[in-house]
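A.B. asks: Predicted model follows, preceded by the sequence.
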Amino acid sequence: MKTLNAGGKPLRYELERKKVKNINCRPKSDGIVYVSASPRVPVAEIERFLVEKADFFFGAFERLKDHEEKSEINTRSVNFLGKEYPVRIIQNSRETAVFDENECRVFTRLPEPENVLSLIKFAVSERFLQLCRELNAEVWEELKTHGLKPPPTQITIKDMKSRWGSCSYTRGHISINFRLAAYPRETVKAVFWHEYAHYWHHDHSKAFYDFLLKYYPDYFKWHEFLKE
């Protein structure tokens, strides 16, 4: 890893040499830009490019950090479906976490953070899985009302790092990112529509988005939450 002086700020980057045409950069929440470039591209050219784009990278670091904090489940509060629930820990023989309109109550004999987090994550997972099953049925039925026939679809919840969902259109299987549990219901539904659209369009071409917006016009309105 190397560090550059970018307008008086340190900019850290890691370089991997690959057979690629362009200088490819991916800023991550750890404050490092991961770069891939052809062995033929001089280091000086890569570093000049990084310094020129430094403002973008610093902004990206902040956005990624904010996203992780928004999605985080901790012992103080939980973000679920766009609402923040303060956590209240109650000494009790039960081992469970319960949501009501105003808070997340954790009943436990062992109030250590690791145990509290485990109980909260289990409760969020159960609620989110139920929501995803409901949204899956909802979108499937809405497509049918438009005369379309999506295949029977199974849903899997995964903790994914680089995408909000994925569609295995040959197997009738959609995976949804567990991190979406922090976002509003309609944002999760927008991801379902996105993945279902891949049954008819396997890439992200203009035809894909034309199809998506035809049947779910509010797609970009709710998908914008994922870019903030």
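C.D. replies: Arrived safely. Numbering: from 1, shown residues only.

A.B. asks: Check what pLDDT the spatially most central residue of the chain gets.
C.D. replies: The residue at the geometric middle of the chain, judged as the C-alpha nearest the mean C-alpha position with C-alpha atoms, centre = their mean, is W164 (4.5 Å). What the model reports for W164 is a pLDDT of 94.

A.B. asks: ok, now how distant is it from K121?
C.D. replies: 19 Å (C-beta to C-beta, to the nearest Å). (C-beta placed from N, C-alpha, C; glycine too.)

A.B. asks: what about E14, neighbour count?
C.D. replies: For E14, the neighbour count with other C-beta atoms under 10 Å is 13.

A.B. asks: again, but for the one 3 residues further on
C.D. replies: Counted with other C-beta under 10 Å, the burial measure for R17 works out to 12 neighbours.

A.B. asks: In three-state terms, label the closest residue in space to it that isn't next to it in sequence for me.
C.D. replies: On the basis of C-beta to C-beta, 6 or more residues apart in numbering, the spatially nearest residue to R17 that is not a chain neighbour turns out to be P39, at 4.7 Å. With DSSP: H, G, I helix; E, B strand; the rest coil as the basis, P39 sits in coil.

A.B. asks: Likewise for P217?
C.D. replies: P217 carries the three-state label coil when classified by three-state DSSP.

A.B. asks: which ones are touching it?
C.D. replies: P217 is in contact with no residue at all, counting by C-beta atoms under 8 Å, 6 or more residues apart in numbering.

A.B. asks: do the same with P184
C.D. replies: P184 makes contact with 81-82, 222, 225 under the criterion C-beta under 8 Å, 6+ apart.

A.B. asks: What of I23?
C.D. replies: 35-37, 41, 45-46, 49.

A.B. asks: Give me the below-cutoff pLDDT ranges for the chain.
C.D. replies: Residue ranges of the chain with pLDDT under 70: 66-73, 228.
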